[in-house]
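J.: predicted model and sequence below, questions to follow.
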Amino acid sequence: MLPLIFLLHWLQLGSVLCSQGRTCCKYSCDQTALAMRQCPDWCDSDQSCVLRNQSGLVETVVPGCKVLSDTKKDKTKDSFAECLAQQFNSQSRLGADGSSLPFHIVAYPFVGASQKQSTFTGIDLRYQFGRFGSLRFRIKNTNAKVCPDHDSHVNVVTGGGGRGLCHPRCVQIDRDGSEEASSDTFLSYDCEAGFYISGGNWVSTSLHDYLISVCDGQVCGEFIFQLPDLMSLPGDSSREEQMLVLLDRREYEDFNRVILYIPSVKNADSYHISLVRVGENITKEAVHNMTYVSNKQNLEEMMQRVELDHSLPSGRFQILVTPMKDGLLVGSVLTSCYLTKPDYGQHALAIITAILVTVLIVGIVLTLYRRWHAVAEAGAVEPSALVMAGRMEEQAVLIVTPLDNPDHVEIVKDLCRYLKDWCGVGTTYFAMDDETGIGSTQRDPWKWCQETGDKVREKGTIVFIAGPDPGLANNTSIHPNLEQNQAFLTTRHLHQMAGEGRAIVAKFSYSSLKTLPQEVPEHLRTSAYHIPKQTNEFLVQLLQVKKKALCSLFPWPLVRPDIKPGDLSREGGPELVSKIRELTLKEAKYRMELQEVGGVGNNIAGQEEDLNKIEVGEVGEDTTLLFEEIRNLRQHDKDRTLQVELEGGLPSTKEMMGDRDKFDVEEDV
């Protein structure tokens, strides 16, 4: 047992000893090392460039080459966000002409200064020194948990308030070109290492995919590679470095082509390339195999360009590259980054299904809409014709409304006339009506209220019509509070009539529901019909017309039939609408003047009114849209008002009812 423990300890120690720190001058010759004169021979400052050739590290200072910036080493408050925001787009792309790349990526065992016993994988970008003048690049971890793809670079970096894990490295290097170098001399920049610090712990990023974005002057390119775990490689685990397989990101994402750049392995004459599907349990299933034979022209290149001759199906894949010579393995198997392609078939099926469902729903809605209108038109009612044919009984209607505004009184009289002429209403009992009003049969308003209430109690309908703001009246009604008395006399029967649909509340654009008697139930107030907008609905309930079934398959009554005179287009209708509009203008002007002068001295009513009493919430849509006409109306010096002159000798309600007890109600006969 002891020899085994000793052997494991020796292997681990050997691996650590083979690990190396950074050779880049940004770290090996930082301000502390420079002050203590501990910089290596190849650095005279932290801006010095490092070169490597086939023999290894060039331990001399390279003149004319400077590392201008490194956002991860020379970090500022916004350096990470600015690094993520950098663009690496250009018209000409590296490798687009079919040639190899002027750089390659090398992974090496790295040990951090604070983690002597922990070995990570370092990243070394090696660029042909004679090929660039101005070089900038970015190395970024693409793991969503470490560096999520987010629209806001600040949120990605700060992690929502604190320091996040996404620390990309952006580097800019310039050289003046005075220093000549052979084709096997490379700029080496190995500052990046595969780990991040979370909660004080160093976490390895081995097997994570990385993105290297490079711009050599005006020519750019982006490539993806997977960072290997050098300690878990088969064979000699203490190897010092390994070249990595690169995938052209632009070709893959923009053109759906898999272009690989594989390292040239010494003595290899061909490469076995296998496309494998990666399962959830990390199992790998071969999907496609191909063999790439090296050309003699490519033997001197560090990287060889290979295009996969297979269309990538949906799923998650990885490419394995095995160097061969005469059919025998001559190197380690290299792995590419992960290639993920969504299942477009399922997406297309989902989209097609959504479209079909949408079309089906729209079709059903349109069919129901057309059927609805067809049933409504087919069941259209002509009340007068049905009454004459004996198929509908004439309705008796009792009108309860304030009488203190002459204009409103005339509108109600016109409405009663229209109902009798066209809408199958036989009699309308309205206090100011010439035929059925108080002055037509007797001179006792209280008696009239009792008699008319009795006439509609069994078969008729009570219609409460909300009046205008009392401030619009320029005189006192000859029958003050008559509507209150009418409502009081019907209180005992109102609930039953409302349940039978024979109690209705109507309003005009200028109406205020506050003018309704307090006996009117709240549910009738909230369901008041707006005339002329809802005249058809008003007539359907008034005439007790039943709803129609949409079709025989659905026998439930849903469709409200059309009452033909409900559009108020027949004789008397347009005049009624015009008068409603005129009074609405006056009501709106009245409100505006109260707002401007604090409710004192309006020109319409000629009386003072407290602005706080105005029910602003009851201003109708029609009133809001008539402000321009109100301004025109203000230009008139005098407003038109209806003058009502009483017949000589006609007593007022006040005189007739002065000594009568309101609660002295005659018993039912």
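T.: Ah, there it is. Residues are numbered from 1 along each chain as shown.
J.: Leu386 and Met392, how far apart?
T.: 4 Å (CB to CB, to the nearest Å). Bear in mind the C-beta positions are built from the backbone N, C-alpha and C, glycine included.
J.: more crowded one of those two?
T.: Per other CB atoms under 10 Å, whichever of Leu386 and Met392 has more neighbours is Met392, with 18 against 15.
J.: span of stretch 290-308 from start to end?
T.: End-to-end distance of stretch 290-308: 8 Å, with CA to CA, to the nearest Å as the criterion.
J.: can you name the residues in contact with that stretch?
T.: If you take CB atoms under 8 Å, 6 or more residues apart in numbering as the criterion, stretch 290-308 is touched by 95, 98-101, 104, 243, 246, 257-264, 268-273, 275, 288, 309-310, 319.
J.: cutoff 7 Å now
T.: 95, 98, 100-101, 104, 257-264, 268-273, 275, 309 (CB atoms under 7 Å, 6 or more residues apart in numbering).
J.: returning to what we had before: anything in contact with each of Leu386 and Met392?
T.: Gly424.
J.: show me what contacts Ser477?
T.: Here Ser477 is in contact with 403-404 (criterion: CB under 7 Å, 6+ apart).
J.: the longest strand along the chain: how far from the chain's middle?
T.: Longest strand in the chain, counting residues (DSSP state E): strand 115-128. Its chain's C-alpha centre and that of strand 115-128 lie 45 Å apart, by CA atoms, centre = their mean, to the nearest Å.
J.: helices or strands up against the helix or strand that comes right after it?
T.: Where DSSP states H and E defines the elements, the next helix or strand beyond strand 115-128 is strand 134-141. Applying 3 or more CB pairs under 7 Å, 6 or more residues apart in numbering; DSSP states H and E, one finds that strand 134-141 contacts strand 115-128, strand 169-175, strand 209-216.
J.: now with 10 Å, please.
T.: Here strand 134-141 touches strand 65-70, helix 79-85, strand 103-112, strand 115-128, strand 169-175, strand 186-193, strand 209-216, strand 219-226, going by 3 or more CB pairs under 10 Å, 6 or more residues apart in numbering; DSSP states H and E.
J.: just to revisit the earlier point, among the contacts of stretch 290-308, name the buried ones.
T.: Among the contacts of stretch 290-308, those classed as buried by neighbour count (16 or more other CB atoms under 10 Å) are 95, 100-101, 104, 258-264, 268, 270-273, 275.
J.: in the longest helix anywhere in the chain, which residues are buried?
T.: Longest helix of the chain, by residue count under DSSP state H: helix 344-378. For helix 344-378, the buried set under the neighbour-count rule, 16+ other CB under 10 Å, comprises 375-376.
J.: same thing with stretch 499-519?
T.: 502-513, 515-517.
J.: gap between the two ends of it?
T.: End residues of stretch 499-519 are separated by 15 Å (CA to CA).
J.: now do that stretch, average pLDDT.
T.: Average pLDDT, stretch 499-519: 93.
J.: got it, and stretch 557-574?
T.: Stretch 557-574 shows a mean pLDDT of 86.
J.: what do you get for stretch 400-416?
T.: Mean predicted lDDT for stretch 400-416 stands at 93.
J.: returning to what we had before: and the longest strand of the chain, which residues are buried?
T.: Result for strand 115-128 [16+ other CB under 10 Å]: buried residues 119-128.
J.: now do the same contact list for the nearest residue to Lys579 once chain neighbours are set aside.
T.: Spatially, and ignoring its direct neighbours in sequence, Lys579 is nearest to Ile411 (5.1 Å; CB to CB, 6 or more residues apart in numbering). Contacts for Ile411 were tallied using CB atoms under 10 Å, 6 or more residues apart in numbering; they are 401, 405, 465, 467-468, 508, 510, 531, 575-580, 582-583.
J.: any of those residues buried? List them.
T.: Among the contacts of Ile411, those scoring as buried are 401, 405, 465, 467-468, 508, 510, 531, 576-577, 579-580, 582-583 (criterion: 16+ other CB under 10 Å).
J.: got the helices and strands packed on strand 134-141 as JSON lines, with mean pLDDT columns?
T.: Formatted as JSON lines, the helices and strands packed on strand 134-141 follow (pLDDT from 0 to 100):
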{"stretch": "strand 65-70", "mean pLDDT": "95"}
{"stretch": "helix 79-85", "mean pLDDT": "91"}
{"stretch": "strand 103-112", "mean pLDDT": "89"}
{"stretch": "strand 115-128", "mean pLDDT": "83"}
{"stretch": "strand 169-175", "mean pLDDT": "95"}
{"stretch": "strand 186-193", "mean pLDDT": "94"}
{"stretch": "strand 209-216", "mean pLDDT": "96"}
{"stretch": "strand 219-226", "mean pLDDT": "96"}
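J.: and these: which comes nearest Asn481?
T.: Of all the helices and strands packed on strand 134-141, helix 79-85 sits nearest to Asn481, with 75.4 Å by CB to CB.
J.: just the buried positions in that closest one, please.
T.: So, applying 16+ other CB under 10 Å, buried residues of helix 79-85: 79-81, 83-84.
J.: mind checking which of the contacts of Ile411 are in strands?
T.: Per DSSP E, these map to strands at Ile465.
J.: okay, and which of the contacts of Ile411 map to helices?
T.: 575-580, 582-583.
J.: out of the buried residues of strand 115-128, who's nearest Phe225?
T.: Checking the buried residues of strand 115-128 against Phe225 with CB to CB, the nearest one is Ile123 at 8.9 Å.
J.: so how many other residues sit close to the residue lying closest to that closest one once chain neighbours are set aside?
T.: Once flanking residues are discounted, Ile123 sits nearest to Glu192: 4.2 Å by CB to CB, 6+ apart. Neighbour count of Glu192, defined by other CB under 10 Å: 27.
J.: likewise for Ser28?
T.: 20.
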